[in-house]
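# the following comprises the amino acid sequence and a computationally predicted model.
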Amino acid sequence: MKMKLLGSLLAGATLVAGALKAEETISAVHAFPETLIYTKSFLSFVDKVNAAGKGVIQIDVRGGPEAIGMFQQPDAVRDGIVDMVYTPGSFYGGALPEKDAMVASNLTAVETRVNGGIALIDQIHQEKMGLKYLGWFDSGVCYNLWTRDEPQFDANGNLEVEGLKLRGNNVYNAFFTNYLGAQVIDLPTGEVYSALQRGVVDATGWTQIGLIDLKWNEFLNYRIEPCFFSTDLGVIVNNEKWNSLSEEARTILQDVAIQHEKDSVAALQSKRDEDFAALDAAGMKVISLEGEAKANYLAAAREKTWERMKEVMAGQPGGTGNYDRLLELFYDLDAAK
């Protein structure tokens, strides 16, 4: 009888332990407010993981920049304060300049997942920051320059920025300052609305989508074409946490991330078209550079960013060893012609 009871207790303990071990949880934060389309995309990924990972792996979203400041989030995930962060690579570009390969890319996550580009970025994240690079989300969306007042051009059709109160950030400052010669005012996303409202800035770079979500269109009246760069939003995971997960949990996370890379490209292209139509209907005017001025503008956006990446890489361990390979994997020279 005692043996039977002991056996039952052990079996029960084993079942309970198995049940407790079965579903793992990782904590997450996102860089931008929930109202922004990019955050909605990340939360869609979370929902997909939690549906596919029921009983195995769940993501517990703790919030956005109100939980951990957007610029502090990369350090927080590296230090294990949070397990996962959805953020632009540009927010930790000083530690990992190779993220500029995505900023200056004319390819999407779909192509770079296939050609090994994302695998190389993942390897570099693990080596330099102790982070797993899970996926490049919302790629294929580029940036425009948006202004309150009608843009001015010189005799050769080049954009004039003298006197422009231009909001900058780490994504495009190399282009704005080194090529356009602009004096930029660095502001986090959450402070731009009030800065526009108060006249602190009257122009900003921003992606093709999201202006309406942020309500910046209340102050900005012109979109300058062509667009430049690519979004570099990705999901990074603390490597120690990643390695502690079961193989099944890691497989679910990675498979869902790869599928979301594909899904988000298509979804955000559709959203871009919707936003442009809504902005046009509300009176947004589109001003386009032409001919040589357009070619120079695009070339400068690309070249100044690659130059910045190479310069910062040169001062870090490992140097520029991956530079040529990154250029090869993230930039299609033929498509740029």
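Yep, that arrived.
# specify the local secondary structure of Leu253.
Applying DSSP: H, G, I helix; E, B strand; the rest coil to Leu253 yields a three-state assignment of helix.
# pLDDT score for it?
Among the per-residue scores, Leu253 shows a pLDDT of 98.
# for Gly140, same thing?
Predicted confidence (pLDDT) for Gly140: 91.
# sec struct for it, please.
Gly140 is classified as coil under three-state DSSP.
# was I right about it contacting Leu233?
No: at 11.2 Å, Gly140 does not count as touching Leu233 under the criterion of CB atoms under 8 Å. From N, CA and C alone the C-beta is placed, and that goes for glycine too.
# more neighbours: these two, which one.
More crowded of Gly140 and Leu233, by other CB atoms under 10 Å: Leu233, with 28 against 22.
# now do the contacts for the more buried one.
Residues near Leu233 by CB atoms under 8 Å, 6 or more residues apart in numbering: 38, 42, 86-89, 136-139.
# who's in contact with Lys40?
Per CB under 8 Å, 6+ apart, neighbours of Lys40: Glu34.
# I'd like the next helix or strand past the one helix or strand it maps to.
Counting by DSSP states H and E, the element that carries Lys40 is helix 37-52. Where DSSP H and E defines the elements, the next helix or strand beyond helix 37-52 is strand 57-63.
# quick one: mean pLDDT over that following strand.
What strand 57-63 shows for mean pLDDT is 98.
# only alpha carbons, please: show the helix or strand that it is followed by as CSV.
Per DSSP H and E, strand 57-63 leads on to helix 73-78 as the next helix or strand towards the C-terminus. Provided in CSV are the C-alpha atoms of helix 73-78 (Å, rounded to 0.1, in the frame of the first residue of the first chain):
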residue,chain,number,x,y,z
GLN,A,73,15.6,49.2,-24.0
PRO,A,74,18.6,47.8,-25.9
ASP,A,75,20.7,47.9,-22.7
ALA,A,76,17.8,46.4,-20.7
VAL,A,77,17.5,43.4,-22.9
ARG,A,78,21.3,42.9,-23.1
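# elements contacting helix 73-78?
Applying 3 or more CB pairs under 8 Å, 6 or more residues apart in numbering; DSSP states H and E, we find helix 73-78 packed against strand 84-88, strand 233-238.
# look up how far Ile258 lies from Thr177.
36 Å (CB to CB, to the nearest Å).
# per-domain residue ranges of this protein.
Domain segmentation of the chain under automatic domain parsing yields 23-140+232-270, 143-229+273-331.
# where does the prediction get shaky in the chain?
1-21, 335-337 (pLDDT under 70).
# could you rerun that using 80?
1-22, 169-174, 177-181, 333-337 (pLDDT under 80).
# at which residues are the helices of the chain located?
For the chain, the helices defined by DSSP state H occupy 2-22, 37-52, 73-78, 100-103, 109-115, 117-129, 173-178, 192-198, 211-214, 239-244, 247-281, 291-314, 323-330, 333-336.
# and of those, who's closest to Tyr222?
Taking CB to CB, helix 247-281 is the member of the helices of the chain nearest to Tyr222, at 10.5 Å.
# who does the closest one touch, helix- and strand-wise?
Packed next to helix 247-281, using 3+ CB pairs under 8 Å, 6+ apart, are helix 37-52, strand 57-63, helix 109-115, strand 131-136, helix 211-214.
# quick one: that helix to helix 117-129, angle?
If you take axes from the mean of the first three to the mean of the last three CA atoms, to 10 degrees, helix 247-281 sits at 110 degrees to helix 117-129.
# what are the buried residues along helix 247-281?
249-250, 252-253, 256-258, 260-261, 263-265, 267-268, 271-272, 275-276, 279 (16 or more other CB atoms under 10 Å).
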